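**Student:** generate a structure from the sequence data that follows.
(2 chains)
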Amino acid sequence: MRKEQKMLIFWLVILGLLVGFTLFSSWLVPFEPNAMDMNHIYEAPNGTHLLGTDQLGRDVLSRLLVGGRVTLFIATLSVVLSSIIGIIYGGISGYFGGAIDAVMMRILEAFLTIPSLVIVLALQAIMQGSVWRMAMIMGCTGWFVTARIVRSEFIRLKELEFIHMAKMFRTPLWKILFRHLLRNSLPAIFVVTIFNFAGAIFTEVSLSFLGIGVPPSIPSWGTMLYTAQNDLLVGAWWMGLFPGMFIFVTILCVQAIGSRFKQRGGQTHV
Amino acid sequence: MIAKWIGKRVIMGTIVLIIVSFLSFFLMHAAPGNPAAAYYGGNAQTLSTAEKERIETAFGLDQPILYQYGVWLREAMQGNLGYSAKEGRPVATIIQERLPNTLQLVVGTLGIVAIASTWLGLQAGMKEGSLLDRGLSFVSIASSAIPPFWLGILFIMVFSVQLGWFPSSGMKDVRGDGGLVDRLYHMVLPLSVLVLAHVGVFARFLQENVKAEKHRYYVEVARANGVPERAIRKMILRNAIIPYINYVGVTIPSFFGGSIVVETLFGWSGLGQLLVKAVMVKDFPVLMGAILITGVVVVICLFVIDVLMICLNPRLRRGGIV
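**Tutor:** Take a look at the predicted model:
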């Protein structure tokens, strides 16, 4: 138990550092992230440019820190949105049950069958554009698992005695829904949200890498890898390596923290 | 009982396909500008109003949307998916060229992942606390945190650029005859990326099941009665594999999702690459067709998994609907 506690703190510290660095990147970055320097293109990591420069002579480290802010912002916003939709959908389905529940669950299962990347791609085709839209699209397509968890939690909780008591005392419906049911499902929602967050980073990075996510002019961890394939052929390995390392470490932290909470929560079934 | 169960699945599959078809059809209508403009993409500005109207009547775009959907669905069922706005060829033909490539990749990945993860998971689960057991847990967490395309980039970096062992993209050698060996040679990198991205998670899932199954009463009894270890392993595997196959079924959509990125990275001209290209050039007919076909393929795959489940799980055959 001691050791696990330490591991949790370890992951939290790393994630905290990463988030901290990206949040305050405006003050921390050694170079202006979009400043081009044609005399120093494709410079390998050295004393001035710690992680090298890209094809336009922009400092990779600065772009990484600023790009992290874009990636994490999109992930956060989309997760908040998807959690809200998921809680509402799952809550209605779980609390009312019966035919409503059956229909809503069939629809949900159908959504889960379609590769989520395909849905995102389809939406992206018609409303490609800004960072905000990207977060919206991901939020609107990422709520399926949350809804399932909320539903099963609501179903489990609504049969418990204290809910029956509350109903007997004529507690208003909204109070039962929010104060009792929602509040008691929060640990489970928290865990699934953490995993959703990791998934959102994954999606943003994949789409931007394909060139159909965040516009390539805005630095994000995904867009930085957009050109990496060509850069590799020139021999600029640092362009491909470092953004990926940041993504990897971030997702690893998030997932490690998530599974720790999942173990602690015990009976959460994803 | 089986008939009822299969019937339920078929209905489920139909619902999925209806939703997919809705998604792909209304894509065209949600596209910016009017549908005629969407059809002609960037060329739409050159059309005059009269021409636009003529196009709308020709394509039946002045009819109610639901009627259009009905017509489109009927045509799609008969294999007519329209014409690509960029290439001018029938979408069905384009997809017919692409689909086998994707299937090769996905089926190959699935096969290797299934065999490797079953073996690894069983080995690791049986020897609790061993190096393999702990190693696998670690590797699976690490591998699920690596974006597949980045793994692909690293592979290109090492195996194509540095070592020059494998080609970094394409499906066949320019000079080659495009035979089986050539194809496999080009498949090594994309396939191994997809396999590595999935195998850890699957092996770990089975490992957990094996561990749980190992402490069950029947194993203890079998062991006490001197049943050979081989037979016990077989029993454990047989019971642990049922939730595992279910899990494979749940993750099949993500296989196709993963192949979109990997195909694009390695220039593997499959359905995924087609999708991405269609989004980029806003070739809506192709996009609609590709989404529809992806849905169909996923539904078929899920159905195969379901049949497999019935074969492996006697409880399902006897009527307990899970």
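**Student:** can you pull the contacts of whatever residue of the stretch 151-300 of chain B ends up closest to chain A?
**Tutor:** Nearest to chain A in the stretch 151-300 of chain B, going by CB to the nearest CB, is B:G257, at a distance of 3.7 Å. C-betas here are computed from N, CA, C, even on glycine. Residues near B:G257 by CB atoms under 8 Å, 6 or more residues apart in numbering or on different chains: A:P115, A:S116, A:L117, A:V118.
**Student:** so which strand or helix has the last one?
**Tutor:** Pointing back at A:V118 there. helix A:116-126 (DSSP states H and E).
**Student:** cool, and A:I155?
**Tutor:** According to DSSP H and E, A:I155 maps onto helix A:144-158.
**Student:** what's that helix packed up against?
**Tutor:** With contacts taken as 3 or more CB pairs under 8 Å, 6 or more residues apart in numbering or on different chains; DSSP states H and E, helix A:144-158 sits against helix A:60-96, helix A:98-113, helix A:183-210.
**Student:** tilt between the following helix or strand past it and helix A:60-96?
**Tutor:** Later in the chain than helix A:144-158, the nearest helix or strand by DSSP H and E is helix A:161-168. Between helix A:161-168 and helix A:60-96, the angle comes out at 60 degrees (axes from the mean of the first three to the mean of the last three CA atoms, to 10 degrees).
**Student:** where does pLDDT dip in the chain?
**Tutor:** Looking at chain A here, since you left the chain open. Counting by pLDDT under 70, the ranges of chain A that qualify are A:1, A:128-129, A:265-270.
**Student:** right idea, wrong chain: chain B
**Tutor:** Those would be B:1, B:31-45, B:171-179, B:316-322, if you go by pLDDT under 70 across chain B.
**Student:** tell me the buried residues in the longest helix that it contains?
**Tutor:** Ordering each helix of chain B by length in residues (DSSP state H) puts helix B:229-266 first. The neighbour-count check on helix B:229-266 (16 or more other CB atoms under 10 Å in any protein chain shown) flags B:232-233, B:235-237, B:239-249, B:251-253, B:255-266 as buried.
**Student:** circling back: any of the contacts of B:G257 buried? List them.
**Tutor:** Among the contacts of B:G257, the ones that count as buried by 16+ other CB under 10 Å are A:P115, A:S116, A:L117, A:V118.
**Student:** most widely separated two among the residues you listed?
**Tutor:** Checked with CB to CB, these reach their widest spread between A:S116 and A:V118, with 7.2 Å between them.
**Student:** and A:Q263, what helix or strand is that in?
**Tutor:** Using DSSP H and E, A:Q263 falls in helix A:237-265.
**Student:** flag every buried residue along that helix.
**Tutor:** For helix A:237-265, the neighbour count (16+ other CB under 10 Å) marks A:237-244, A:246-258, A:260-262 as buried.
**Student:** anything in it near chain B?
**Tutor:** Yes: using CB under 8 Å from any CB of the partner chain, we find that helix A:237-265 touches chain B at A:W237, A:G240, A:L241, A:P243, A:G244, A:I247, A:F248, A:I251, A:L252, A:Q255, A:A256, A:S259.
**Student:** list the helices and strands that helix packs on?
**Tutor:** On the basis of 3+ CB pairs under 8 Å, 6+ apart, helix A:237-265 makes packing contacts with helix A:2-23, helix A:60-96, helix A:183-210, helix A:221-226, helix A:228-234, helix B:131-144, helix B:148-155.
**Student:** quick one on the thing from earlier: just the CA atoms of the helix holding A:I155, as CSV, please.
**Tutor:** Output in CSV follows, covering the C-alpha atoms of helix A:144-158 (Å, rounded to 0.1, in the frame of the first residue of the first chain):
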residue,chain,number,x,y,z
PHE,A,144,-20.5,6.7,-24.9
VAL,A,145,-18.5,5.0,-22.2
THR,A,146,-19.3,7.6,-19.6
ALA,A,147,-23.0,7.2,-20.3
ARG,A,148,-22.7,3.5,-19.8
ILE,A,149,-21.0,3.8,-16.5
VAL,A,150,-23.4,6.5,-15.2
ARG,A,151,-26.3,4.3,-16.2
SER,A,152,-25.0,1.2,-14.4
GLU,A,153,-24.2,3.3,-11.3
PHE,A,154,-27.6,4.8,-11.3
ILE,A,155,-29.3,1.4,-11.6
ARG,A,156,-27.2,0.0,-8.8
LEU,A,157,-27.8,3.0,-6.5
LYS,A,158,-31.5,3.5,-7.1
